[in-house]
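Undergrad: Sequence plus the predicted model coming up.
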Amino acid sequence: MDAKNLIQIQTLCSHYNLEFSFFDELKNIGLIEIEIVEQKQYIHQDQIGNLEKMIRLHNELNVNLEGIDVVFNLLDKERELRNELNALKNRLRLYEND
């Protein structure tokens, strides 16, 4: 993995004013992936968007970690259903054009 695409967890703790345990619990639930390089823990920059959503849910709306997990699972399911609906609409258009 390219180290320039990784952000150290300690930096995120300082930036977002969070305890390390918050990130550890997100990892334990399976919401983020933490990579270890030279005994330091990092998160890939591609996860930052979702991480910021999780932080806002937790801090601004007081959603607990299990609630955040439910929200993200529902968002994933909604995305899958939307993709399936678009695929079905495209197939239907093929039959409508005949």
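TA: Noted; the coordinates are in hand.

Undergrad: Compute the number of surrounding residues for Val70.
TA: Other residues lying near Val70 total 12 when counted by other CB atoms under 10 Å. C-beta here means a position set from N, CA and C on the backbone, and glycine is covered the same way.

Undergrad: Looking at it now. What's its pLDDT?
TA: You'll see Val70 listed with a pLDDT of 97.

Undergrad: List the residues that contact the residue lying closest to Asn5 once chain neighbours are set aside.
TA: Nearest non-adjacent residue to Asn5, counting by CB to CB, 6 or more residues apart in numbering: Gln45, 5.0 Å away. Gln45 makes contact with 5-7 under the criterion CB atoms under 8 Å, 6 or more residues apart in numbering.

Undergrad: Quick check, central residue of this protein?
TA: Asn50 (3.6 Å; CA atoms, centre = their mean).

Undergrad: That one: what secondary structure?
TA: helix (DSSP: H, G, I helix; E, B strand; the rest coil).

Undergrad: in the longest helix seen in the chain, what counts as buried?
TA: Identified as the longest helix of the chain according to DSSP state H is helix 65-96. Neighbour-count burial for helix 65-96 flags 65, 68-69, 71-72 (criterion: 16 or more other CB atoms under 10 Å).
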